[in-house]
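> What shape does this take:
(one chain, ligands or ions: 2)
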Amino acid sequence: MTDASSTPAMPVTIHRGDYRPPEWQIPDIALDFALGIDATRVAAALSVVRHADTPVPLVLRGDGLTPAAVRVDAEVWNDWRLDGSDLIVDLGDRTAATVEVDTVVDPASNTQLSGLYASNGMLSTQCEAEGFRRITFHPDRPDVLSRYKVRMQGDKAKFPILLSNGNCIDRGEEGSDHWALWEDPWPKPSYLFALVAGDLVVNRDSFTTMSGRNVELGIWVRDGDLDRTGHAMQALKDSMAWDERVYGREYDLDLFNIVAVSDFNMGAMENKGLNIFNTRYILADPDTATDMDYDGVEGVVAHEYFHNWSGNRVTCRDWFQLSLKEGFTVFRDQSFSADMGSPAVKRIEDVRLLRAAQFPEDAGPLAHPIRPDSYQEISNFYTATIYNKGAEIIRMMATMVGPDRFRKGTDLYFDRHDGEAATCEDFVRAIEDGAGIDLTQFRRWYEQAGTPRVAARVDANAATGERTLHLAQTVPPTPGQPDKQPMLIPLRIKAFDLDGGHGDEAERLVLLDRAELAVPLGPYRSRPMLSINRGFSAPVIVDFAREDGELAWLAAHDDDPFARYEALQQLMLDTLVAAVSGEARANDAVIDAIARTLEGAGEDPAFAAEAVLLPSEAFIGDQMVTVDPDAIRRERLALQGAIGTALESEWRAILAGAAPPAADLSRAAKGRRRLRGVALAYLAATGMADIPALAFKTFSDADGMTERQAALATLAHGDSDERVAALDIFYQRYRDNPLVLDKWFQVQAWSLRPDTVDAVKELARHADFTLANPNRVRALYGALTGNQAAFHQADGAGYRLIADLVIALDPKNPQTAARMIPPLGRWKRFDEGRQRLMRAELERILAQPGLSRDVTEQASKSLLG
Ligand code: TRP
Ligand code: ZN
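Numbering: from 1, shown residues only. Ligands and ions are numbered 1, 2, ... in the order given. Okay, the predicted model is just below:
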């Protein structure tokens, strides 16, 4: 006899073109949970209605479930069978029925963190994308929307708090048990179902909506964490007000709950009326969270809240439409954070993330359009492309039509599709109709993968002085898409006139809609300073050869802060790429430009801190034909040291005064702390003898985590006694706070020291390291893959460590294991020796028996290149 579960099935590829509407709908669902950590009994009653014209069996998906009993219209039913893990119920020629299925699940042994699982003695769910089928049999596709009624019962002492979606309509006690009945009036797909049971405390507040309704707000955490929930609560209220003001969207239930969980695969989840969060994006106080952590909390709270409209009220027809909710919601949370803080700094951060995470994805073997055509495992498609490039696509539409017309478009979208499971095409059509724009060509952004390149050049007519900007676009081939059509690329441009003959041009929006386009700029006596793709109006790479003098001028004078940042970054990149390729090149232009930026730092220190930061090692590598990680590290450190030395007194002056009090979270205070961190890093790169002592003093004097972590990270790069002391003090002080302990692992994996791979190997054996917690895994191994020279150590030790991790983690948590693979897939960008080592590790992973679908898909696609 063959055991079906031990023979890995060939991965099945799902195609977007195969979509068929569901044959059965389920208007109502009643779920009854008898809660237990090792065994939870789930009784599901589905009221099913046939939408197919002719009799078809009801297909309910399951994952790891066995039906304990099946009833149809209250009668015991035997006309069912299991097809693989799916339950097929034959309902004859019925057009409607009530189908009841009982199952039992074991939350304690659910290490995948998908479905119903136990975390620190509490029960919690994660159903997106396909986790509901791990709780009960169900079609589990987002175009099946139901009203849910959930009864949950459990031991009062173990589970004092019982939460689910919607409103609590009844509760009671039964011996040592108690129960609660929850009802969610809004039809929703199964991926938005949630349930939490445990010993939790609440931060309560309320919000009055624009129509005057009162909404009760609750943030639920473990005892001891309550005083770290204030920032999340403020962010929630700010988000609710912002969505009313900017999009006209009001919250639609009387209750909005958030629960923080420490074991969580992603950032957070937008379950209707009951968001579930990674503790990392809820808990913050000045002693334990950095300013960046604070911004992360605000952004993710907003993101999940905004999903209530962009995702929940209007959901996705199928998972190929994922960017419909994610791209739009990221755009909304980015806009919110920009409004709450500094738009220029927020834009710089968003573009930096896009370039660090999405551009490499788009240039590698896992490249896919924001609306993919096929997948094997949908969890692998929660990518920077779907989220961050998706947000850029929405942003381009908003840029082309302006805020008022964009609002007309989104109003029409919400109005037309409220209560529906919609498609990306529905969104584009609503913007076309509401905003009055033809997006025919623009739709290619949904179809074609790969980052477009735009080559720019300006020429002059010697007789007339007429200048012309020549633009040419190419979209690179990507897996399955060898030939590309020209995209519609909106470029904000502005020409600055240095000698007054013409005058500065007003900014204009050039729509590059063909392979080549000539844009007349008018007559100029001398070459104008041209600022292109201002504000990063399109997610493209602009190749525009400019001299240092031009870039320096733009870095100092452009009136668009993002363009100033870009010009300085380009100047640094040009200098670094030349150095890495062995060209002798002076650093003066970079040093002068940084000095000038620092002179203006008083007005906006956060902007200055961002602008003077050298490009990352990975981004320098992206500019090269073959990445040379060691030369990049060497030259980047050399330039950093040269800048540190040349501007020593400036950096020391920044550090001289006291840091702003950690509790001061104003924009100015955050900006000053950021600049101090940058100053310390520049000084550290000089190797001056007093730096470890200075960093240790900063570490010891710090009254908050921003300064403390920055100083610790600086020390961690070096080899001083202060390094050992600071790491030890930090560990002793925070060993009981998991989120802060993550930082302790992370700074060591980020270290520029040559022994970092060995250190990571050692840290993986530390008593506080565990594969059971995704945050801890990311803090150690995720940080290593972000440390280019360490991960790409020439002997392949970094690759081996990551492959070992994937192999060890896959049986426990395939979603998180699969997320560690893409760095190994970038082999094509490296020399032959590294290519061979990286491919060998991918092959070793694929040779493991019983590999998950998640890891199989990522590793096999990565190997194809
Ligand atoms: N929808 C969630 C968000 O973007 C993402 C998410 C949370 C998720 N948990 C997940 C996706 C687990 C896949 C698997 O906010
Ligand atoms: Zn989201």
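> Show me which residues of the stretch 101-250 of the chain are close to ligand 1?
Neighbours of ligand 1 within the stretch 101-250 of the chain, by C-beta under 6 Å from any ligand atom: 126, 128-129. Bear in mind the C-beta positions are built from the backbone N, C-alpha and C, glycine included.
> Any quick PyMOL command for the buried ones out of these?
Only the buried entries of these go into this PyMOL selection, using 16 or more other C-beta atoms under 10 Å:
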select buried, resi 126+128+129
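> Let me know the closest of the residues of the stretch 101-250 of the chain next to ligand 1 to Tyr305.
When those are compared for distance to Tyr305 (C-beta to C-beta), Glu128 wins out at 16.0 Å.
> touching ligand 2 at all, stretch 306-322?
No: counting by C-beta under 5 Å from the ion, ligand 2 has no neighbours in stretch 306-322; the shortest distance is 5.6 Å.
> That stretch spans what distance, first to last residue?
Start and end residues of stretch 306-322 are separated by 15 Å (C-alpha to C-alpha, to the nearest Å).
> Next, the buried residues of it.
In stretch 306-322, counting by 16+ other C-beta under 10 Å, buried: 306-322.
> Which of those fall in strands?
315-316 (DSSP state E).
> Keep only the buried residues of stretch 306-322 that also lie close to ligand 1.
For ligand 1, no contacts are drawn from the buried residues of stretch 306-322 by C-beta under 6 Å from any ligand atom.
> Which of the buried residues of stretch 306-322 fall in helices?
306, 322 (DSSP state H).
> who in the stretch 251-400 of the chain is up against ligand 2?
So the stretch 251-400 of the chain meets ligand 2 at 326, 329 (C-beta under 5 Å from the ion).
> what ranges do the strands span in the stretch 251-400 of the chain?
Per DSSP state E, counting those that start in this stretch, the stretch 251-400 of the chain carries strands over the ranges 255-261, 268-269, 274-278, 315-316, 374-375.
> Mean pLDDT and distance to Ser190 added to those strands, as TSV?
Shown next, in TSV, are the strands of the stretch 251-400 of the chain (pLDDT from 0 to 100; distance: least, C-beta to C-beta, whole Å):
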stretch	mean pLDDT	distance to Ser190
strand 255-261	98	19
strand 268-269	99	13
strand 274-278	99	14
strand 315-316	99	11
strand 374-375	98	19
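> Excluding chain neighbours, what is closest to the residue of the stretch 501-650 of the chain found nearest ligand 1?
As assessed by C-beta to the nearest ligand atom, ligand 1 sits closest to Pro539 within the stretch 501-650 of the chain, at 19.3 Å. Nearest residue to Pro539, sequence neighbours excluded (C-beta to C-beta, 6 or more residues apart in numbering): Glu392, at 4.0 Å.
> Mind pulling the model confidence for the one you found?
In the predicted model, Glu392 carries a pLDDT score of 99.
> Kindly report the same for Ala4.
pLDDT recorded at Ala4 is 39.
> Which of the residues of the stretch 101-250 of the chain next to ligand 1 fall within strands?
Those of those lying in strands (DSSP E): Gln126.
> Can you tell me which of the residues of the stretch 101-250 of the chain next to ligand 1 is nearest Pro692?
Proximity of these to Pro692 (C-beta to C-beta) peaks at Gln126, which lies at 43.8 Å.
> Does the closest one have any beta-bridge partners, and if so which?
On the basis of DSSP bridges, Gln126 is bridged to Gly115.
> what's in contact with stretch 655-674?
Stretch 655-674 is contacted from outside by 286-287, 291, 294, 341-342, 604-610, 676, 679-680, 683, 694, 698, 701-707, 710, using C-beta atoms under 8 Å, 6 or more residues apart in numbering.
> biggest strand in the protein by residues?
strand 177-189.
> if we can go back for a sec, tell me which of the residues of the stretch 101-250 of the chain next to ligand 1 is nearest to Arg147?
Distances from Arg147 to those, taken by C-beta to C-beta, are shortest for Glu128, at 19.1 Å.
> per-residue confidence for the closest one?
So Glu128 comes in at 99 (pLDDT).
> neighbours around the residue of the stretch 351-500 of the chain found nearest ligand 2, how many?
Residue of the stretch 351-500 of the chain nearest ligand 2, by C-beta to the ion: Tyr387 (7.1 Å). Neighbours of Tyr387 under the rule other C-beta atoms under 10 Å: 22.
> and the longest strand of the chain, how far out from the chain's middle?
30 Å (C-alpha atoms, centre = their mean, to the nearest Å).
> May I see the buried residues of it?
Buried residues in strand 177-189, counted by 16+ other C-beta under 10 Å: 177-184, 186-189.
> Closest one of those residues to ligand 1?
Distance to ligand 1, by C-beta to the nearest ligand atom, is smallest for Pro189 among those, at 11.8 Å.
> Contacts only, for that closest one.
Contacts for Pro189 were tallied using C-beta under 8 Å, 6+ apart; they are 141-145, 315, 421.
> make it 6 Å
Going by C-beta atoms under 6 Å, 6 or more residues apart in numbering, Pro189 touches 142, 145, 315.
> ok, now Leu568?
With contact taken as C-beta under 6 Å, 6+ apart, Leu568 is in contact with 555, 593, 611.
> name the element the nearest residue to it once chain neighbours are set aside belongs to?
Excluding the flanking residues, the one nearest Leu568 by C-beta to C-beta, 6+ apart is Ala555, at 4.1 Å. Per DSSP states H and E: Ala555 is located in helix 548-557.
> Give the next helix or strand downstream of that helix.
Downstream of helix 548-557, the first helix or strand assigned by DSSP H and E is helix 561-580.
> sorry, back to before: most neighbours among the contacts of Leu568, which one is it?
Ranked by the number of neighbours (other C-beta under 10 Å), those place Ala611 first, at 28 neighbours.
> wait, doesn't it sit right on Ala595?
No: using C-beta atoms under 6 Å, Ala611 is not in contact with Ala595, being 12.0 Å away.
> which strands and helices sit next to the helix or strand containing Leu727?
Here Leu727, judged by DSSP H and E, is contained in helix 721-734. Contacts defined by 3 or more C-beta pairs under 6 Å, 6 or more residues apart in numbering; DSSP states H and E place helix 721-734 against helix 691-701, helix 705-717, helix 738-749.
> which ones are touching the residue of the stretch 351-500 of the chain closest to ligand 2?
Tyr387 makes contact with 326, 330, according to C-beta under 6 Å, 6+ apart.
> Can you check the pLDDT for it?
99.
> re earlier: and the helix holding Ala555, which residues are buried?
Within helix 548-557, the residues scored as buried using 16+ other C-beta under 10 Å are 548, 550-556.
> Can you pick out the most distant pair from those?
Top of the distance list for those (C-beta to C-beta): Asp548 and Ala556, 12.3 Å.
> which residues touch stretch 805-817?
Residues outside stretch 805-817 that contact it (C-beta under 6 Å, 6+ apart) are 111-112, 265, 379, 771, 774, 781, 820, 845, 848, 852, 854-855.
> Just the buried positions in that stretch, please.
Result for stretch 805-817 [16+ other C-beta under 10 Å]: buried residues 805-807, 809-811, 813-817.
> tell me how far the ends of stretch 86-97 are from each other?
End to end - C-alpha to C-alpha - stretch 86-97 spans 19 Å.
> near ligand 2, which residues of this structure show up?
326, 329.
> Show me what from the chain comes close to ligand 1.
Counting by C-beta under 6 Å from any ligand atom, the residues of the chain lying close to ligand 1 are 126, 128-129, 265-266, 268-270, 303-304, 326, 379, 382.
> before we move on, the earlier item: what's the most buried one of the helices and strands packed on helix 721-734?
Among the helices and strands packed on helix 721-734, ranked by average contacts under mean count of other C-beta atoms under 10 Å, first place goes to helix 705-717 (a mean of 24).
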